[in-house]
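return atomic coordinates for the entry below.
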Amino acid sequence: MSAQNTSISSLASQICNQIASIFSNPTSPHAPPLDLMVAELATTASQNGRVFLYGVGREGLMLKALCMRLAHLGLSAHFVFDMTTPPISSAADLLVASAGPGGFSTVDAICSVARSQGARVLLLTAQPESGSCVKHATTVAYLPAQTMADGGGEQSRALMPMGSVYEGSMFVLFEMVVYKLGEVLGQTPDAVRARHTNLE
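The predicted model follows:
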């Protein structure tokens, strides 16, 4: 292996280890986010409810990736503001939203609308005690990672800047959710693959 490849491998390992370490951090008094998400999504599936997902910026990109995989698992999954997103309308419906730093005006507003329509709201956040979005949540999934609200003024360049640790943790968490939820729903690899678009 060349020195360059060794250096790349080392950097990749450092980043992966930093993200993995987040899942060793305690979440008490909140239940582990993996358990919460699988339970809420399985309940939605069992009630033939719909899943709506929303986040801003890079958090939103992670939630779009989850939205796609939930559709592959057979759930009715929709990202807020997509042209074909239906109305949220009942307690069988679930909004999964993220506000890593605790609050964003748009996330606050969308969570409030979902609750006013009787839907459940699962909020992902790194600030479960102080964030403005928490008051709208029926379930809080605490992901104890650095966000844009933390740090600042570092003397040396961070390995993962600003909210990258939180966003990377979201992606890893969502992959675990998809894996566990697939087991709960009895989804086979062939069934999941069959739902992938062929318009590519």
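
now the closest residue in space to residue 102 that isn't next to it in sequence. Its backbone dihedrals?
Once flanking residues are discounted, residue 102 sits nearest to residue 131: 2.5 Å by C-beta to C-beta, 6 or more residues apart in numbering. Glycine gets a C-beta too; all of them are placed from N, C-alpha and C. Here is the backbone geometry of residue 131 (degrees, to the nearest 10): phi -70, psi 150.

which residues touch residue 131?
For residue 131, the contact set (C-beta atoms under 8 Å, 6 or more residues apart in numbering) comprises 99, 101-103, 125.

in strands only, show me the residues you listed.
Residues of these located in strands (DSSP state E): residue 125.

would you mind putting the contacts of residue 131 into TSV with pLDDT alongside?
TSV is the format used below for the contacts of residue 131 (pLDDT from 0 to 100):
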residue	pLDDT
99	91
101	80
102	82
103	82
125	94
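
longest helix anywhere in this structure?
In the chain, with assignment by DSSP state H, the single longest helix is helix 164-185.

in it, what's buried?
If you call a residue buried by 16 or more other C-beta atoms under 10 Å, then helix 164-185 has these buried ones: 164-170, 172-174, 177-178, 180-182, 185.

return the item of those residues having minimum pLDDT.
Lowest pLDDT of the buried residues of helix 164-185: residue 164, 87.

dump the contacts of residue 131 to TSV, plus distance to residue 91 and neighbour count.
Formatted as TSV, these follow (distance: C-beta to C-beta, whole Å; neighbours: other C-beta atoms under 10 Å):
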residue	distance to residue 91	neighbour count
99	22	28
101	29	19
102	26	19
103	24	20
125	22	29
